[in-house]
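> Below are the sequence and a predicted model for it; my questions follow.
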2 protein chains.
Amino acid sequence: MAPIRIAFIGLSATGRWAARAHLPYLQKSSKYQITGICNSSKETGEAAIKFYELPSSVKAYGSVQELADDADSFDLAVCAVRVDKHFDAVKPIIAKGKQCFVEWPLGKNLQEAEELQAIALKSGNPRTLVGVQARRSPVVNKVKQLIADNIIGKVLSVTIRGAAGMSGAVEEEELGRLLNDKKIGASVFSIHFGHMIDFVLYALGQDVKSLNATVSTQRPTSQLKLADGSLEEVKRETPDHVLLQGKLANGALIDAALRGGPAFKDTPGFVWNIYGEKGEIEVSAPGVVLNVGFGPAVSVKLHDHQKDTVEVVDWKVDDENEKLPIPSQNVGRLYEAFAEGKKQEYADWEEAVERHRLLEKMVENTTKA
Amino acid sequence: MAPIRIAFIGLSATGRWAARAHLPYLQKSSKYQITGICNSSKETGEAAIKFYELPSSVKAYGSVQELADDADSFDLAVCAVRVDKHFDAVKPIIAKGKQCFVEWPLGKNLQEAEELQAIALKSGNPRTLVGVQARRSPVVNKVKQLIADNIIGKVLSVTIRGAAGMSGAVEEEELGRLLNDKKIGASVFSIHFGHMIDFVLYALGQDVKSLNATVSTQRPTSQLKLADGSLEEVKRETPDHVLLQGKLANGALIDAALRGGPAFKDTPGFVWNIYGEKGEIEVSAPGVVLNVGFGPAVSVKLHDHQKDTVEVVDWKVDDENEKLPIPSQNVGRLYEAFAEGKKQEYADWEEAVERHRLLEKMVENTTKA
């Protein structure tokens, strides 16, 4: 089968996430082939092609309109630009009915996500993909399997406690400017909590039926560490605390507390307990981003109530993606699932809109409280 | 100074809590003297006097009315009967304007607690005491002091995860019959969560300003282990899961999840994090009942964000009560505070009513959700 031709929006020579998470898989895969790079200018596209030693046949585009106009030259557009630029980057592409992979969050708010999905439906309903790659995390899938296999019986409640690391008192300049600015749509709420609630619900196989929430900025200012070593006080306009309390469709309770700032030193930054009729699963990790992963530092344990024993669950897989750098492993598995058409293994834009709705509902609920 | 004369309601030869938690202190203290025992019959009162080798001068009463009619013979009534019997046991005593110490919960519901407090106010407003003895826990007081001393700066959020141990799938017969029956008013919600929220708010020096809550029975049946080793399935009418999410008066967020059943094996049954602007306190213990205490198994740690160090906080005290059996230590300290008139160190019935109101509000909130 001919490889899926990718037009990559946002892979620059100075790029971070695209280069670290997408490129290692794409450079090895026989299922995909980068055939185009679309950056803010043709020159930066050409620079990226050269920098990453991509074949000279790869085309550089200076605008998404230019790319959209050349729609026959690719099968799948991949968008990894900053979240507030997703909408404009993707709109002309999806309007052409092209397949499209966009990083999470799909839009900088619910409205953008809904509009993108509406355009997709009108334009021939092409296959879409949103980058909640924890759905392909071996940890998450092991937990999902334990639950589906009824190992702990009916799930009665789920509790989660996490520290995002970022969005504490002092921040790296670039990250602070990105996450504190409300206009951008990136925060520990939209990104960290968004990824987290997606993989939690995916593993449980459940939706949230009713909820109370608190989405709050408890540190309304933070200190940016500038290049010269000095500190700059800036406003934080985005949430650094997120509390969710609700009932899942199957009647289980969920209580999730995620906050910015460091975890209590020498304790896991993420603890996820699933308490069932017959036992309990405890996942602990250095941080909440199981979507990216932490390699072997993640622990999955199973407490069997009747035997009163604890078993360390082996969640490791031995696939080709395991040989990639950590940030690319789950992203690579997402690409695999998409190539193989395994819809139940990845989320499309319809599901992305559902997740956006959940976050929006949490904010609305907070306003009323 | 002459010792405070105690009429004890509910100290029987077969008694548990009264004998374990009250008696060891009272038998050693020069500040108190048991002068009367009121049980369901004069005979069981006399049996208790004999069993505990109390002086022959101690009077036995067969009813609280009899005791109330002899009100000049005591200074303080102490009530340690089952919660659903508090109201009837205490009403004739408080109506006489006598000082009264009642175990938590004050009533089997808010209405009873309010009525008792109203009678107290009408009857000369005597000094009252409710048995939330964690207010005298050295752990709780160390945490209270760290916060008051601004060691972690302004408190931004509080998260609590606890497992009550009891009210899981299988239960001791006596405890199961006590905690599962709605009419009695005893459950992991009223008792475990009630004590817990009291000491958390006491340590923080804050009240709950707004809240969302979920008070739920996730296991509607449980298995009682009978004396012959067989199991009896019984209905659980009381909550085994309690989630509280709210804002404290000072703006800090609180998220507390307490459930019945065992803690995840080999992990603390209670973890309480207080996250501040400059650092974080983490209290961990085998279980949630810091009111009773666990001796040296309780850990208080302090994470200083700027230094990025963790300090183990020494919370131990070296008082006379430390030599008592664990269940009597904090109860003894409560008696001391009451004898010394240190109102800020114990809770009276007015405060007990406030706590009852908080629990009631949580239940109301759940019904609407």
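Everything's here; your move. Just so we're clear, the structure is a prediction, and the values are computed from it rather than from any experiment. Residues are numbered from 1 along each chain as shown, chains lettered A, B, ... in the order given.
> Closest residue of the stretch 101-250 of chain A to chain B?
A:N212 (3.3 Å; C-beta to the nearest C-beta). Where you see a C-beta, it was placed from the backbone N, CA and C, and this is true even at glycine.
> For that residue, list each beta-bridge partner.
Taking DSSP bridges as the rule, A:N212 bridges to A:Q245.
> Let me see the contact set for it.
A:N212 is in contact with A:L244, A:Q245, A:G246, A:N365, A:A369, B:N212, B:A213, B:T214, B:Q245, B:A369, counting by C-beta atoms under 8 Å, 6 or more residues apart in numbering or on different chains.
> Go through the residues you listed and name the one nearest A:F101.
Comparing the contacts of A:N212 against A:F101 with C-beta to C-beta places A:L244 closest, at 27.4 Å.
> quick one, what contacts the spatially most central residue of chain A?
Per C-alpha atoms, centre = their mean, the C-alpha nearest to the average position across chain A is that of A:V132, at 3.7 Å. For A:V132, the contact set (C-beta under 8 Å, 6+ apart) comprises A:W104, A:G194, A:H195, A:D198, A:F199, A:Y202, A:N291, A:Y346, A:A347, A:A352, A:R355.
> Would you quantify the distance from it to B:E282?
The gap separating A:V132 from B:E282 is 31 Å, by C-beta to C-beta, to the nearest Å.
> in chain A, which spans are helices?
Under the criterion DSSP state H, chain A contains helices at A:17, A:23-28, A:42-51, A:64-69, A:86-95, A:110-122, A:138-148, A:173-180, A:194-204, A:326-339, A:349-368.
> Let's have the ones you listed in TSV, adding mean neighbour count.
TSV is the format used below for the helices of chain A (neighbours: other C-beta atoms under 10 Å in any protein chain shown):
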stretch	mean neighbour count
helix A:17	18
helix A:23-28	20
helix A:42-51	18
helix A:64-69	18
helix A:86-95	21
helix A:110-122	19
helix A:138-148	20
helix A:173-180	18
helix A:194-204	23
helix A:326-339	23
helix A:349-368	18
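> Save those helices as a markdown table, and put in mean pLDDT and distance to B:N141 too.
Converted to a markdown table, these look like this (pLDDT from 0 to 100; distance: least, C-beta to C-beta, whole Å):
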| stretch | mean pLDDT | distance to B:N141 |
| --- | --- | --- |
| helix A:17 | 92 | 48 |
| helix A:23-28 | 96 | 54 |
| helix A:42-51 | 96 | 61 |
| helix A:64-69 | 97 | 62 |
| helix A:86-95 | 98 | 52 |
| helix A:110-122 | 98 | 47 |
| helix A:138-148 | 98 | 40 |
| helix A:173-180 | 95 | 38 |
| helix A:194-204 | 98 | 36 |
| helix A:326-339 | 98 | 45 |
| helix A:349-368 | 93 | 34 |
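> and the nearest residue to A:G168 once chain neighbours are set aside, what does it touch?
Leaving aside its chain neighbours, A:G168 sits nearest to A:G261 (3.2 Å; criterion: C-beta to C-beta, 6 or more residues apart in numbering or on different chains). By C-beta under 8 Å, 6+ apart, A:G261 lies in contact with A:A163, A:A164, A:G165, A:S167, A:G168, A:A169, A:R219, A:D240, B:Y275, B:H305.
> any chance of these in TSV, plus distance to B:S123?
Below are the contacts of A:G261 laid out as TSV (distance: C-beta to C-beta, whole Å):
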residue	distance to B:S123
A:A163	52
A:A164	55
A:G165	58
A:S167	55
A:G168	54
A:A169	53
A:R219	50
A:D240	51
B:Y275	45
B:H305	52
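> can you list the domain ranges for chain A.
For chain A, automatic domain parsing gives the domain ranges A:4-131, A:134-315.
> chain center to the first one: distance?
Meaning domain A:4-131. Domain A:4-131 sits 16 Å away from the centroid of its parent chain (C-alpha atoms, centre = their mean, to the nearest Å).
> Report pLDDT for the residue of the stretch 101-250 of chain A closest to chain B.
pLDDT for A:N212: 93.
> ok, now A:A369?
Looking at A:A369, the pLDDT reads 51.
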